[in-house]
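1. 3D model of this:
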Amino acid sequence: MLIDPKYYRMGAVMINAVMTKAILIAGGYYLGTYLDEKWHTEPYMMISLIVLGITLGLWWIIFLANRFKL
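-> Coordinates of the predicted model:
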């Protein structure tokens with residue numbers, strides 16, 4: 001039983017998109033925590049950068065799905 005290579009490609013693209021989203025969220029958390037400590041604005045920068053990371057991550061997943069017509 002052979003698996004269609006299209007499914008491997010689709011899996012690789014979606015794994016890339018999910019990892020990118022995870023990196024954006026984690027980066028927003030760490031950068032937001034750093035800026036909150038520096039500017040004494042806890043927890044506003046962290047929350048806003050996490051929300052920005054989630055938004056950009058969802059946009060990236062939708063962009064890749066449309067680009068590769070998945």
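
2. Got phi/psi on His40?
-> Dihedral angles of His40 (phi, psi; degrees, to the nearest 10) stand at phi 60, psi 50.

3. how near is it to Ala26?
-> In this structure, His40 and Ala26 are 23 Å apart, going by Cβ to Cβ, to the nearest Å. In this view, the C-beta of every residue, glycine as well, is placed from N, C-alpha and C.

4. Tell me which of those two has more neighbours.
-> Taking neighbours as other Cβ atoms under 10 Å, His40 and Ala26 compare with Ala26 leading, 12 against 7.

5. Per-residue pLDDT of the more buried one, please?
-> pLDDT, Ala26: 98.

6. quick one: Met10 and Lys38, what's the gap?
-> 42 Å.

7. Please say which of these two ends up with more neighbours.
-> Neighbour count, other Cβ under 10 Å: between Met10 and Lys38, Met10 has more, with 15 against 9.

8. wait, Lys21 sits on Ile62?
-> No: checked against Cβ atoms under 8 Å, the pair Lys21 and Ile62 is beyond contact range at 11.0 Å.

9. For these two, indicate the residue with more neighbours.
-> Using other Cβ under 10 Å, the more surrounded residue of Lys21 and Ile62 is Lys21, with 18 against 11.

10. who's in contact with the more buried one?
-> Lys21 makes contacts with 53-54, 57-58, 60-61, as judged by Cβ atoms under 8 Å, 6 or more residues apart in numbering.

11. Of the residues you listed - the most surrounded one?
-> With neighbours taken as other Cβ under 10 Å, the top of those is Gly53, carrying 22 neighbours.

12. which residues touch that residue?
-> Each residue near Gly53 by Cβ under 8 Å, 6+ apart is listed here: 21, 24-29.
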